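S.K.: need a 3D model of the sequence below.
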Amino acid sequence: MFLGCLGEEGWDVFALHYKLQAPLNTVIPDAAMAEYLQMFSFLFKVKRVEYSLSTCWGRDMNLVHLISNKLPHAVAIMHRGNLVRSQMIHFTTNLHNYIMFEVLDGSWHSLVKDVTNATHLDALIDAHYGYLERIKANAFILDANQELLRALKGIFDTILTFSKVQEAIYTTAVREGQLVNRHERLGKVAWTGTEERPTSALDATGALVRQMHTIATDFQTQMVSFLDLLKQQAL
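M.R.: Numbering: from 1, shown residues only. This next block holds a predicted model:
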């Protein structure tokens, strides 16, 4: 594991490391293992944001009936959240597929070909070195790609912030749903003028709606910036 800092979670500090023995460590030295760790850290972040969005989707499915029947004031924020989540899922799915099939799978086939054609130890070492360089270059991990990598990490952070807001929405909706059910059990079909519905963070002017709007704006801005950087690198 990496050394953790205050506020970090298991996702932030988990690391995967292999301790290689001779003669394999001749072809894959400690320096190469450090690069594998760097690549693992990046790929693990991709899986983390995928998992967080999948969890959000599952929670939202549980809320559909509750909100449509008990919390009509929360329809707007749920709709906005669904749109933002769909955009984020579209991005992360395309990124994941690109890395798995275009980067890792293509680099692996090239490595197998180079290893098969190798006739001496230096050729094996060169084949493995080329394999790592191809992955790093195409997965935005090379030093020359640091601006792209920072842009990606910014997008990841926004997605994780979105997931936390979605969790807050879920918790708030469940709590308010319980309040409505308790209200109905007392025989009160609707909130009366003398007992108005309490102000909700899920209202159109609520704090969670404002946070969702900020996240949606940030994500769109970051995506435009990231795509512009990709175009510049392609020139």
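S.K.: quick check: which ranges of this structure have low pLDDT?
M.R.: For the chain, applying pLDDT under 70 flags the ranges 1-13, 187-198, 234-235.
S.K.: spatially central residue for it, please.
M.R.: V49 (1.7 Å; Cα atoms, centre = their mean).
S.K.: what residues are up against that one?
M.R.: Residues in contact with V49 (Cβ atoms under 8 Å, 6 or more residues apart in numbering) are M88, T92, F156, I159, L160. Every residue, glycine included, has its C-beta placed from N, CA and C.
S.K.: one more pass at 10 Å, please.
M.R.: By Cβ atoms under 10 Å, 6 or more residues apart in numbering, the contact set of V49 is 11, 88-89, 91-92, 95-96, 152, 155-160, 162-163.
S.K.: this protein: strands as residue ranges?
M.R.: Along the chain, no segments are classed as strands by DSSP state E.
S.K.: what ranges does it have for its helices?
M.R.: Assigned by DSSP state H, the chain shows helices spanning 10-13, 24-27, 30-70, 75-97, 106-117, 121-138, 146-185, 207-234.
S.K.: in the second one, what's buried?
M.R.: To tie it back to what came earlier, the one meant is helix 24-27. Using 16 or more other Cβ atoms under 10 Å as the test for burial, helix 24-27 gives V27.
S.K.: what helices and strands are in contact with it?
M.R.: The contact analysis (3 or more Cβ pairs under 10 Å, 6 or more residues apart in numbering; DSSP states H and E) places helix 24-27 against helix 121-138.
S.K.: send the alpha carbons of the helix it packs on over as CSV?
M.R.: C-alpha atoms of helix 121-138 as CSV (Å, rounded to 0.1, in the frame of the first residue of the first chain):
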residue,chain,number,x,y,z
LEU,A,121,18.6,-12.0,-23.7
ASP,A,122,19.1,-8.4,-24.9
ALA,A,123,16.3,-8.9,-27.4
LEU,A,124,14.0,-10.1,-24.6
ILE,A,125,14.9,-7.1,-22.5
ASP,A,126,14.3,-4.7,-25.4
ALA,A,127,10.9,-6.4,-26.2
HIS,A,128,9.7,-5.9,-22.6
TYR,A,129,11.0,-2.3,-22.5
GLY,A,130,9.1,-1.6,-25.8
TYR,A,131,6.0,-3.1,-24.3
LEU,A,132,6.1,-0.8,-21.3
GLU,A,133,6.8,2.3,-23.5
ARG,A,134,3.8,1.5,-25.8
ILE,A,135,1.5,1.2,-22.8
LYS,A,136,2.7,4.4,-21.2
ALA,A,137,2.6,6.4,-24.4
ASN,A,138,-1.0,5.3,-25.3
